[in-house]
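>>> Sequence first, then the predicted structure:
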Amino acid sequence: MSRRVWVGCAALVMSLLAPRATAQFTEPDPVVDEVVVRGPEKTRPDTVRAYARLGEGDPLTQEDLAKIERRLVATGLFQEVKVGFEPTGPGRVRLILEVEDKASWVVAPTFVLQSDNVGGGVLYAENNLWGRSKKFATAAQVSTAESGLYAGFLDPNLFGLPQLRFSLEGQLRSDRVDEYQPGSGQKRPEVVRRTRMNSASIAGELGFLLFERVRAAAKYRLMSIDARSPDSREEVTTPVFSLGPAQQDASLRLMVGIDTRQNLHAVMEGLNLEASYELSNPGVGSDFRYERFGLLYRHGLRLMGEHNLVLRGEAVAGVNLPFHQEFVMGGNSLRGFVYRQFRGDTRLSVTAEYHFPLFTVSPLSFRGVAFSDTGVMMWRSLPEDRELRDVNGRVVRSYLPDSRGGLGAATVAQGVGAGLRLYLRNIVLPLVGVDAAYGVNSGELRFYLVAGVNPS
């Protein structure tokens, strides 16, 4: 065989062995002839194609290959994703999507360990219902602070369109709500009043995403809420909320923002800026009359491969908030302090977390986290008689005698610490998170554990 023939055969073999996704396009960009899905055992091929967002007749660029791979990984449905192509003719290619499904459902115990909130339950979650990426979860939990039943359905791919999102959820809850002496410097915060609040709620949300970054949504919630007599063993026994027939709380929440976040296995990347407004009054079917305004910032940065800096900032303010709708801080929302230790109608919070890989025992990944939580909580002003009433004249918030309004009475608190996260690459849900946090104001070290998933 001549040298020319040998060289030609070697070139042909090398071209066949070359990875598809690393091939370079020639000008002009080829057109997609067809999209072929390979590998999924449960996920339907049309669902995979929908998330790729590129179909027959579309031009294909080298950048598109990376974008499609990231989109498919970000769904959380697949443990492995490969995107490639092969020529079908002059200027034409076949786009090939190779995916390996994660185990989409789980039945697992759940545990929660926070200061003044200890308990557990059981959770069933399905992350890929009917192979169409629909999500369903139901859970039961019993803990010292909050117990109840939960069920929720999420369709992030409504009518086969990843741009449309719909959710429906319902809850039955019984909360033991503790109010503490004001101030963040207490080593063992003293409970001043303890109230049992029972509620049943249902909520639906419809949202849409434009250009893979602009997100808007509307959410309607309907709730029945009532309170029991305060615990007679505590210092304050005046009811925080009128006793008697349950009251109806309905609200409409509108949200708009920019959201480019993607969860790429254990790393979160992208930016989220969001503004929201929530209204409750008789016009939407409520016995209450209040408003809530919010600004939210979340940002994930990938550093040095699998390292991840996650930033979160939020400013929220309410007008005439009833007791069950007030803002709270403490526990997992402000580590280093007691669960729901601080309450108010205005809150500013800033969290920074640095996540880093420790080691992997395939498919189990161990990751560390260092964090800082900072919060400011206050009531802007309080009624002269220290009572807030609903549209029917019933008391929906009786403030504690020591409560003070205004910026001068604001509570500022900070907690710092470190923790551990465990992830299974082939399961859709994280397994365990445990944190140790030091309250800078109080000097107390507190531990927080979440095993399984908190359905809320």
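Good, I have the coordinates.
>>> low pLDDT regions in the stretch 101-250 of the chain?
The stretch 101-250 of the chain contains no residues with pLDDT under 70.
>>> So which residues of the stretch 151-300 of the chain form strands?
Ranges of strands in the stretch 151-300 of the chain, per DSSP state E, counting those that start in this stretch, are 164-180, 191-210, 214-227, 247-259, 262-264, 267-280, 290-303.
>>> Select, out of the ones you listed, the one closest to residue 366.
With Cβ to Cβ as the measure, strand 267-280 is the member of these nearest residue 366 (14.4 Å). For the C-beta atoms, the positions are set from N, CA and C on the backbone; glycine is no exception.
>>> contacts for the closest one?
Contacts with strand 267-280, where a contact means Cβ atoms under 8 Å, 6 or more residues apart in numbering, come from 215, 249-262, 286, 288-302, 306, 308, 310, 325, 355.
>>> Report the angle between it and strand 247-259.
Put simply, strand 267-280 runs at 140 degrees to strand 247-259, going by axes from the mean of the first three to the mean of the last three Cα atoms, to 10 degrees.
>>> Quick check: residue 387 touching residue 394?
No. Taking contacts as Cβ atoms under 8 Å, residue 387 lies outside contact range of residue 394: 10.1 Å.
>>> Helices along this protein, start to end?
Along the chain, counting by DSSP state H, helices occupy 3-17, 45-52, 62-74.
>>> contacting residues around the second one?
What that stands for is helix 45-52. Helix 45-52 has contacts (Cβ under 8 Å, 6+ apart) with 35, 37, 40, 55, 68, 71-72, 75, 95, 97, 99, 131-133, 157, 160-162.
>>> among those residues, which ones are buried?
Using 16 or more other Cβ atoms under 10 Å as the burial test, these include 35, 37, 40, 68, 71-72, 75, 95, 97, 99, 131-133, 157, 162 as buried.
>>> now, among the residues you listed, which is nearest to residue 420?
Residue 420 has its nearest neighbour among those in residue 75, at 26.1 Å by Cβ to Cβ.
>>> I would like a ChimeraX command selecting only the buried ones among the contacts of strand 267-280, please.
Restricted to buried positions by 16+ other Cβ under 10 Å, the ChimeraX selection for the contacts of strand 267-280 reads:
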select :215,249,250,251,252,253,255,257,259,260,261,262,286,288,289,290,292,294,296,298,299,300,306,308,310,325,355
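>>> Tell me how far the nearest residue to residue 98 once chain neighbours are set aside lies from residue 436.
Spatially, and ignoring its direct neighbours in sequence, residue 98 is nearest to residue 82 (4.2 Å; Cβ to Cβ, 6 or more residues apart in numbering). Remark: distance between residue 82 and residue 436 (Cβ to Cβ, to the nearest Å) = 40 Å.
>>> Pick out whichever of those two has more residues nearby.
The neighbour count for residue 82 versus residue 436, taken as other Cβ atoms under 10 Å, is higher for residue 82 (18 against 15).
>>> gap between that one and residue 72?
Residue 82 sits at a distance of 9 Å from residue 72 (criterion: Cβ to Cβ).
>>> Need the residues touching each of those two.
With Cβ under 8 Å, 6+ apart, residue 82 and residue 72 have common neighbours 97, 99.
>>> what's the nearest residue to residue 410 once chain neighbours are set aside in contact with, if anything?
Of all residues not flanking residue 410 in the chain, residue 378 sits nearest, at 3.7 Å (Cβ to Cβ, 6+ apart). Applying Cβ under 8 Å, 6+ apart, one finds that residue 378 lies in contact with 344-346, 405-407, 409-411.
>>> go with 10 Å
Contact analysis of residue 378 by Cβ atoms under 10 Å, 6 or more residues apart in numbering lists 317, 327, 342-348, 404-412.
>>> PyMOL command for the buried members of these?
Listed next is the PyMOL selection for buried residues among the contacts of residue 378, using 16+ other Cβ under 10 Å:
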select buried, resi 317+327+342+343+344+345+346+347+348+405+410+411
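>>> about what we covered before: mutual contacts of residue 387 and residue 394, please.
In contact with both residue 387 and residue 394: residue 242, using Cβ under 10 Å, 6+ apart.
>>> and the gap between residue 283 and residue 203?
Residue 283 sits at a distance of 18 Å from residue 203 (criterion: Cβ to Cβ).
>>> got it, and residue 80?
To residue 203, residue 80 is 35 Å away according to Cβ to Cβ.
>>> between those two, which one's more packed in?
More neighbours surround residue 203 than the other of residue 80 and residue 203, with 18 against 14 (other Cβ under 10 Å).
>>> For the closest residue to the more buried one other than its chain neighbours, grab the count of nearby residues.
Closest residue to residue 203 apart from its sequence neighbours, by Cβ to Cβ, 6+ apart: residue 221 at 3.9 Å. Look at residue 221: counted by other Cβ under 10 Å, it has 19 neighbours.
>>> do residue 106 as well
Neighbours of residue 106 under the rule other Cβ under 10 Å: 18.
>>> That one and residue 136 touch, don't they?
No. Assessed by Cβ atoms under 10 Å, residue 106 is found out of contact with residue 136, at 11.7 Å.
>>> Overlap of the contact sets of these two?
What both residue 106 and residue 136 touch, as defined by Cβ under 10 Å, 6+ apart, is the set 124-127.
>>> re the thing from before, same list, the strands of the stretch 151-300 of the chain, but as JSON lines with distance to residue 46 please.
Below are the strands of the stretch 151-300 of the chain laid out as JSON lines (distance: least, Cβ to Cβ, whole Å):
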{"stretch": "strand 164-180", "distance to residue 46": "15"}
{"stretch": "strand 191-210", "distance to residue 46": "19"}
{"stretch": "strand 214-227", "distance to residue 46": "24"}
{"stretch": "strand 247-259", "distance to residue 46": "25"}
{"stretch": "strand 262-264", "distance to residue 46": "22"}
{"stretch": "strand 267-280", "distance to residue 46": "26"}
{"stretch": "strand 290-303", "distance to residue 46": "30"}
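>>> Ok, which of those strands comes nearest residue 113?
Residue 113 lies closest to strand 164-180 among these, at 16.1 Å (Cβ to Cβ).
>>> Quick check: beta-bridge partners of residue 375?
residue 349, residue 413 (DSSP bridges).
>>> which residues sit in contact with it?
Shown in contact with residue 375 (Cβ under 10 Å, 6+ apart): 184, 314, 327, 329-330, 333-334, 337, 342, 347-351, 411-415.
>>> Would you mind measuring from it to residue 277?
Applying Cβ to Cβ to residue 375 and residue 277 gives a distance of 22 Å.
>>> Below-threshold pLDDT in the stretch 351-456 of the chain: ranges please.
Counting by pLDDT under 70, the stretch 351-456 of the chain shows low-confidence ranges at 425-431, 451-456.
>>> Strands of that one, start to end?
Using DSSP E, counting those that start in this stretch, the strands of the stretch 351-456 of the chain run over residues 364-378, 387-389, 395-398, 411-424, 432-439, 445-451.
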